[in-house]
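> Next input, structure requested:
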Amino acid sequence: IPSDVDLDGGEDIVVTATDKDGNTSSEATTTVVDTTAPSAPTVKDITSEDTTIGGTAEPGSTVTVTFPDGTTATGTADDKGNYTIEIPSNVKLDGGEDIKVVATDKDGNTSSEATTTVVDTTAPEAPTVKGVTSEDTTISGTAEPGSTVTVTFPDGTTATGKTDDQGNYTIEIPSDVDLDGGEEIKVVATDKDGNKSEETTTTVVDTTAPSAPTVNGVTSDDTTIGGTAEPGSTVTVTFPDGTTATGTADSEGNYTIEIPSDVDLDGGEPIKVVATDKDGNTSSEATTTVVDTTAPEAPTVKGVTSEDTTIGGTAEPGSTVTVTFPDGTTATGTADSEGNYTIDIPSNVKLDGGEDIIVTAKDKDGNTSEEATTTVKDTTAPSAPTVNGVTSDDTTIGGTAEPGSTVTVTFPDGTTATGKTDDQGNYTIEIPSSIDLKGGEELQVTAKDKNGNVSKPNIVIVSTTGENPGNGENPGNGENPGNGENPGNGENPGNGENPGNGENPGNGENPGNGENPGNGENPGNGENPGNGENPGNGENPDNGENPGNGENPGNGENPGNGENPVNGENPGSGENPVNGENPSNGENPGNGENPGTVGNSNTQKPDSAEISDISQPSNSDTSSEIKQNNNSEIVNTRSDNSRKNNDNKYELPETGKDEVNKGTLFGSLFAGLGALLLFIKRRRKNEEDK
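Sure, this is the predicted structure:
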């Protein structure tokens, strides 16, 4: 039979014969007889609690179950091979028994045995417990032999022990378990298979006096006394004067007893309480002291301002004062014997004004007063406002100040203009139409917050559009540049020992020339605008040691600047500062130690640009340094007795050398043209005057 042909039994096989001449006989048919035993059946787990046995076997086969005592039960597998056979009622399975199962097919072939062991799932019987008293130290009784007995006490504590082969057990009561009587104790038994019995409960017989009752704190304001005692016990309260009051603890052990109306408790008195159980056993005494619960009066608080570093006031002497700040931070202190307290405000607490501060006092008995609340008064002036540069052509003044504050601009004639900052702190205030700003005026700008606190003033100098505005108390002007021994004037610009002349405005020893006169923004000559030996540069006049600038270019010994350029031997004076000791500035013009500033000067340089090592020899006693910040401010610092070369350095944007050179060239060209025109104008005026 070919190896790939599987004959199970019942199949018909056809056989024919063919002779050598190809003649085929008629068919002979035979049926395969099944002699193959079916596979052993499967059996589901069987427990001591089961009433049937189930599993799978060959479909249609007869399944036979044999129990330990020889009893058998049979059933037939359905067309899917499943079977279920009832366990006979006379068969008792406790667990651990072996059960055998076989299957027999329709041809009488019997499978091998399938064996399964019964699992014990039957709980043992509940244990017995001998009576337990409040004086006992052990618990005993009986349970299933070999089982583990667990005793659970009222507080949840457990103790365990094993039964002997006779089923007896004795278990010690833990030393930390206190049985007073009336408690219920629960006992269970667990067999070797982990099955637990039902609980057996026993009640402890009270042969012991009850525990001393508990007493809730008693205060001088209470009208009752409460606590706990043995349930059902009688509680007796004895007051300091010998008066007694009684009550009964409820089923939970709670009691409440009224304080007699003729008993006055002020605090500090001892009260004694005992409990007597239903068996007449009396507890030991419980003693409590009456607590003073009268809260102190609310503390007083001195006014608190946003500038304060401490909070003070009065409270009950010796009480602890707690200050709670708006962010939840607290600070504490103790009132002295006079009731005064002073508490430091924590460094991390910032008070701006308007915050509510809560203060309470707690006495030595823990009584807390009602809250005292005080509101912080804002006494902190806002920061001085910032002011954008102001020119003589502006119609508004703007800048930043504290959000919501009122900004006031005071003009030289006393006129004021006000405006409010927005929520970002920005403000814009119109310059009154009656105000005519020429340049050089001082404007004072202040901010006032909603609480009336006024900032320090910010003083800004109005710059003149198109010129190099003077500064100081007496800003220079174009018509009368510089002075010295022979101060120059409008017709004869220049100064020094050898004042410049018409054709060569500039300076004495090394005057500029006609072809390359200095001019306002780029004084000097064509190739080297500014002065003789080392002219100034384009956008930053007044270089070299003291190069001139403004409308009247300075010179070597006596370089001028601004509209009132400085001169040689006698640089600036008195009310015309711009000299060595008093370089021009805002509030304090002409002061070396306090150099002034001029907002938005026309002699600005680009941010971050730098030109270095440009120097000019000078016989002047005055040195000048011009610094520019990002807010377009020029700071002039002058110092006397300086006859050394002065390096002026400026930062240029990194836009390429070629562009810088071009800018300088064009600046120099325009500067030269401007100076030439000014020179021609003045020369004509001189001729007319003559």
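> Who does T408 form a beta bridge with?
T418, T446 (DSSP bridges).
> quick one, helices of the protein?
Secondary structure of the chain (DSSP state H): helices at 657-689.
> Show the low-confidence segments of it, by residue range.
Counting by pLDDT under 70, the chain shows low-confidence ranges at 466-671, 674-675, 678-679, 681-690.
> redo that, cut-off 50
467-664 (pLDDT under 50).
> The spatially closest residue to T342 that is not a sequence neighbour and V407, how far apart?
Nearest residue to T342, sequence neighbours excluded (C-beta to C-beta, 6 or more residues apart in numbering): G312, at 4.4 Å. For every residue, glycine as well, the C-beta is placed using N, CA and C. Plainly put, G312 is 36 Å away from V407 if you go by C-beta to C-beta, to the nearest Å.
> Counting neighbours, go ahead and name the busier of these two.
Between G312 and V407, V407 has the larger neighbour count (other C-beta atoms under 10 Å), namely 28 against 16.
> Pull out the buried residues from stretch 241-258.
Buried residues in stretch 241-258, defined by neighbour count with 16 or more other C-beta atoms under 10 Å: A245, G247, A249, G253, Y255, I257.
> pretty sure the last one contacts A245?
Yes - counting by C-beta atoms under 8 Å, A245 is a contact partner of I257 at 5.0 Å.
> List the contacts of V445.
Contact analysis of V445 by C-beta atoms under 8 Å, 6 or more residues apart in numbering lists 384-385, 387, 397, 399, 407-410, 457-460.
> Quick check: of those, which lies closest to I343?
The shortest approach to I343 among the contacts of V445 belongs to A384, at 32.5 Å (C-beta to C-beta).
> distance of the closest one from I429?
From A384 to I429 the distance is 15 Å (C-beta to C-beta).
> cool, D136 as well?
Using C-beta to C-beta, one gets 97 Å for the distance from D136 to I429.
> With neighbour numbers in mind, choose between those two.
The neighbour count for D136 versus I429, taken as other C-beta under 10 Å, is higher for I429 (18 against 15).
> Show me what that one bridges to in the sheet.
Counting by DSSP bridges, I429 is bridged to I397.
> surely it meets I397?
Yes - shown here, I429 and I397 form a contact pair, counting by C-beta under 8 Å, at 5.0 Å.
> Name the residues contacting each of these two.
V409, A417.
> Spit out the contact partners of the closest residue to D378 other than its chain neighbours.
Closest residue in space to D378, ignoring its immediate chain neighbours: G353 at 2.2 Å, by C-beta to C-beta, 6+ apart. By C-beta under 8 Å, 6+ apart, the contact set of G353 is T305, S306, V376, K377, D378, T379, T380, N451.
> what do you get if the cut-off is 7 Å, keeping everything else the same?
By C-beta atoms under 7 Å, 6 or more residues apart in numbering, the contact set of G353 is S306, V376, K377, D378, T380, N451.
> Just grab the bridge partners of the third one for me.
Just to be clear, that refers to K377. For K377, the beta-bridge partners are T305 (DSSP bridges).
> contacting residues for it?
G303, V304, T305, S306, G353.
> Can you tell me the number of residues neighbouring K80?
Neighbour count for K80, taken as other C-beta under 10 Å: 8.
> Leaving out chain neighbours, which residue sits closest to it?
Counting by C-beta to C-beta, 6+ apart, the nearest residue to K80 once its immediate chain neighbours are dropped is P59, at 6.5 Å.
> was I right about Y255 contacting A249?
Yes - at 4.5 Å, Y255 counts as touching A249 under the criterion of C-beta atoms under 7 Å.
> which residues do these two both contact?
A229, V235.
> circling back: shared neighbours, I257 and A245?
Common contacts of I257 and A245 (C-beta under 7 Å, 6+ apart): V237.
> ok, now which ones touch the closest residue to D107 other than its chain neighbours?
Nearest residue to D107, sequence neighbours excluded (C-beta to C-beta, 6+ apart): D34, at 4.1 Å. Neighbour list for D34: D8, G9, G10, D105, D107, N109 [criterion: C-beta under 7 Å, 6+ apart].
> what about 10 Å?
Contact analysis of D34 by C-beta atoms under 10 Å, 6 or more residues apart in numbering lists L7, D8, G9, G10, E11, D105, K106, D107, G108, N109.
> among these, who's most crowded?
Greatest neighbour count in the contacts of D34, by other C-beta under 10 Å, goes to D105: 21 neighbours.
> Quick one: residues contacting that one.
8-9, 34, 36-38, 57-62, 77, 111.
> out of these, which one sits closest to T190?
A57 (37.4 Å).
> what about the closest one, distance to L93?
Computed as C-beta to C-beta, the A57 to L93 distance reads 21 Å.
> The residue nearest to D165 when sequence neighbours are not counted: neighbour count?
Closest residue to D165 apart from its sequence neighbours, by C-beta to C-beta, 6+ apart: P145 at 5.1 Å. By other C-beta under 10 Å, 14 other residues sit near P145.
> shouldn't P145 be in contact with E125?
No - in this structure P145 lies outside contact range of E125 using C-beta atoms under 10 Å: 11.4 Å.
> Now for those two: what residues contact both?
Here P145 and E125 share the contacting residues G167, scored by C-beta under 10 Å, 6+ apart.
> returning to what we had before: and the residue nearest to T342, what is it in contact with?
Per C-beta under 10 Å, 6+ apart, neighbours of G312: T300, V301, K302, G303, V304, V321, G333, N340, Y341, T342, I343.
> Tell me the spacing between it and S112.
101 Å.
> for G181, same thing?
For G181, the distance to S112 equals 66 Å [C-beta to C-beta].
> more neighbours, these two?
A count of neighbours by other C-beta under 10 Å puts G181 above the other of G181 and S112, at 21 against 12.
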